[in-house]
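Trainee: Sequence first, then the predicted structure:
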Amino acid sequence: MLAYEQQAIACVNPRRKDPALENESIPSKVIEYISSKSQVISVENKKLHDIFGDNIIWCNSEDLTSKIRYAIKNQNKEIVKEKIDNAYNIANKNYSFKTIGKKIDQFLECFWSSSSIK
């Protein structure tokens with residue numbers, strides 16, 4: 001899939017807006033799309049928007065079509081590349097296997113150090 005995503009003008013996450021779901025999760029597909037170094041269009045997610053800012057094209061379900069047209073049409077290629085690179089670097093810093101592994105290690109260390117099981 002990554003090869004297809006890398007060739008895309010933009011990868012689209014047309015997720016239904018659900019406040020309950022948004023409070024409990026992030027759309028992991030967006031992280032996958034970012035790792036392909038393609039432009040990403042996604043329905044707004046507050047947590048991801050706080051992390052990635054305007055490096056992702058955010059939309060609501062009503063304006064998804066216009067955002068796709070925007071991604072296809074006349075954008076400054078240098079600015080698009082800069083946003084793609086920024087999003088990739090942010091994702092790599094926050095969601096790489098190495099980063100997630102460290103977080104798991106820290107969690108387990110806290111768990112084992114406070115546990116009576118040793």
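Mentor: Sure, I can see it. Note that the structure is predicted; figures quoted are calculated from it, not measured.
Trainee: When you work out contacts or count neighbours from here on, use the C-alpha atoms and nothing else.
Mentor: Will do.
Trainee: could you pull out the helices for the protein?
Mentor: Secondary structure of the chain (DSSP state H): helices located at 2-7, 19-24, 28-35, 46-52, 64-72, 77-95, 97-114.
Trainee: In CSV: these, plus mean neighbour count.
Mentor: Below are the helices of the chain laid out as CSV (neighbours: other CA atoms under 10 Å):
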stretch, mean neighbour count
helix 2-7, 13
helix 19-24, 10
helix 28-35, 19
helix 46-52, 14
helix 64-72, 14
helix 77-95, 16
helix 97-114, 12
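Trainee: got CSV for the ones you listed, with distance to Asn13 and mean pLDDT too?
Mentor: Compiled in CSV, the helices of the chain are given as follows (distance: least, CA to CA, whole Å; pLDDT from 0 to 100):
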stretch, distance to Asn13, mean pLDDT
helix 2-7, 12, 78
helix 19-24, 14, 81
helix 28-35, 7, 92
helix 46-52, 13, 93
helix 64-72, 9, 91
helix 77-95, 15, 94
helix 97-114, 22, 87
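Trainee: Give me the spatial nearest neighbour of Ala91, chain neighbours excluded.
Mentor: Ile31 (6.7 Å; CA to CA, 6 or more residues apart in numbering).
Trainee: next one: Asn55
Mentor: Asn55 sits nearest to Lys83 (CA to CA, 6+ apart), 4.6 Å away.
Trainee: Now for the closest residue to Ala8 other than its chain neighbours: which residues touch it?
Mentor: Distances taken as CA to CA, 6+ apart place Ser38 nearest to Ala8, at 6.5 Å, with adjacent residues excluded. Applying CA atoms under 8 Å, 6 or more residues apart in numbering to Ser38 gives the contacts 5-11, 84.
Trainee: So what touches stretch 83-102?
Mentor: Contacts of stretch 83-102 (CA under 8 Å, 6+ apart): 31, 34-35, 37-39, 51-52, 54-56.
Trainee: redo that, cut-off 6 Å
Mentor: 34-35, 37, 39, 55 (CA atoms under 6 Å, 6 or more residues apart in numbering).
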